[in-house]
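1. model this:
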Amino acid sequence: MFPFHQFQIGKRLIKTAVAVFMTAQICYLLNWPMIFAVITAIVTVEPTVDASIRKGLIRFPAAAIGAAFAMIFEAWLGPQPLTFTLSALSTIYVCNLLGWNQALVVSTLTAVNMIYVSEGHFLMEFVVRLGTTITGIVVSAAVNFILFRPNYMSELKTNLSQTYASILTQARLVLDRKVRTSDLLPLTASLEASLDKIQTLLEYQSADLRFKRTSFADLRKLVTIKKHLQFLRRILIYMETAVHSQDEHERTLCYQLLDSKIQKLQAKRHLLYSVK
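-> Take a look at the predicted model:
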């Protein structure tokens, strides 16, 4: 039985629902087909406002290419299996050629969904499809900007604090020679994944700075987090080298550096509380 009590409705889910409703309502009032706009609205709700706008600017011309191929092949071959195949293949090929991989879903779905619904003049249908696509992009970007504007600072602080504690514990074990070579690889891989997640959140937070008023204190916090991240990555390098190196002098040097970094790591942990 599905544990419904554990299911939580997140902010992104709410934003997607609002974007879909508003997009469908606009298309309904304009008597436009909703399917293309709704598909675009769903995939345009990104983790950041910057990503919504940037990817939306790619998805619009990509959808136009897909719609154009659908119109051309349907006018030439009519609604048959080969029309769907050529429309999809041509759209995917051109998007890959232009490096628009993030727009493949929208452009391909626009192409194949357009074939059977082209009831009027081909040019008018093409213009309507572009109108529905840009409606989905604009509405999703606006909803992402206005409703629950992304802020990852709290999540950044939590993840950084937890990763600090984990790396400090494992670095002490390495320094005490309590970690075997075979155990270190999965250990450092897990810690690297944690640092990569922090890096992603940091990029999300930095990307949206242009869309809101930002104080010098906010910028300083992001710079501080970036320095913490670089410091932790260096410790991982020392841990790996200390265990895996075949050179005795190099291992000894890495253990000495690791000992120094652990002391700094303990001293730096209290600075995390200044990042709010």
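2. May I see the buried residues of the lowest-mean-pLDDT helix or strand in the chain?
-> Among the helices and strands of the chain, helix 248-268 carries the lowest confidence by mean pLDDT, DSSP states H and E, at a mean of 73. For helix 248-268, burial by neighbour count (16 or more other C-beta atoms under 10 Å) applies to Cys254, Tyr255, Leu257, Leu258, Lys261, Ile262, Leu265, Lys268. C-beta coordinates here come from the backbone N, C-alpha and C atoms, glycine included.
3. So which elements touch it?
-> helix 153-175, helix 216-244 (3 or more C-beta pairs under 8 Å, 6 or more residues apart in numbering; DSSP states H and E).
4. Only alpha carbons, please: show the shortest one as CSV.
-> The reference is to helix 153-175. What follows is helix 153-175, C-alpha atoms only, in CSV (Å, rounded to 0.1, in the frame of the first residue of the first chain):
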residue,chain,number,x,y,z
MET,A,153,20.8,29.4,1.3
SER,A,154,19.3,27.4,4.1
GLU,A,155,19.8,24.1,2.2
LEU,A,156,23.4,25.1,1.4
LYS,A,157,24.2,25.8,5.1
THR,A,158,22.6,22.4,6.2
ASN,A,159,24.4,20.4,3.5
LEU,A,160,27.7,22.1,4.2
SER,A,161,27.5,21.6,7.9
GLN,A,162,26.7,17.9,7.5
THR,A,163,29.5,17.4,4.9
TYR,A,164,32.0,19.2,7.2
ALA,A,165,31.2,16.7,10.0
SER,A,166,31.5,13.7,7.7
ILE,A,167,34.8,14.8,6.2
LEU,A,168,36.2,15.6,9.6
THR,A,169,35.3,12.1,10.9
GLN,A,170,36.8,10.3,7.9
ALA,A,171,39.9,12.5,7.8
ARG,A,172,40.6,11.5,11.4
LEU,A,173,40.3,7.8,10.6
VAL,A,174,42.7,8.2,7.7
LEU,A,175,45.1,10.1,9.9
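5. so the very next helix or strand once past that helix versus helix 216-244, what angle?
-> Later in the chain than helix 153-175, the nearest helix or strand by DSSP states H and E is helix 181-207. Angle, helix 181-207 to helix 216-244, by axes from the mean of the first three to the mean of the last three C-alpha atoms, to 10 degrees: 160 degrees.
6. just for the protein, where's the confidence low?
-> 1-9, 116-122, 179-183, 208, 211-215, 245, 266-276 (pLDDT under 70).
7. per-domain residue ranges of it.
-> 11-146, 153-274 (automatic domain parsing).
8. Could you single out the most deeply buried of these?
-> Stretch with highest mean neighbour count among the domains of the chain: domain 11-146 (a mean of 19; mean count of other C-beta atoms under 10 Å).
9. Find the centremost residue of this protein, please.
-> Pro47 (6.0 Å; C-alpha atoms, centre = their mean).
10. SS state for it?
-> coil (DSSP: H, G, I helix; E, B strand; the rest coil).
11. still on that earlier bit, mind putting the helices and strands packed on helix 248-268 in TSV, distance to Arg210 included?
-> Converted to TSV, the helices and strands packed on helix 248-268 look like this (distance: least, C-beta to C-beta, whole Å):
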stretch	distance to Arg210
helix 153-175	16
helix 216-244	12
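12. Which one of the buried residues of helix 248-268 is nearest to Lys226?
-> Lys268 (13.5 Å; C-beta to C-beta).
13. picking up where we left off before, hmm, who's touching the least confident helix or strand of the chain?
-> With contact meaning C-beta atoms under 8 Å, 6 or more residues apart in numbering, helix 248-268 is reached by 164, 167-168, 171-172, 174-175, 228, 231, 234-235, 238-239, 241-242, 245.
14. Run the angle between it and helix 153-175 for me.
-> 140 degrees.
15. how much space between the closest residue to Phe148 other than its chain neighbours and Asn151?
-> Spatial nearest neighbour of Phe148, excluding adjacent residues (C-beta to C-beta, 6 or more residues apart in numbering): Lys11 at 4.1 Å. From Lys11 across to Asn151, the span is 10 Å (C-beta to C-beta, to the nearest Å).
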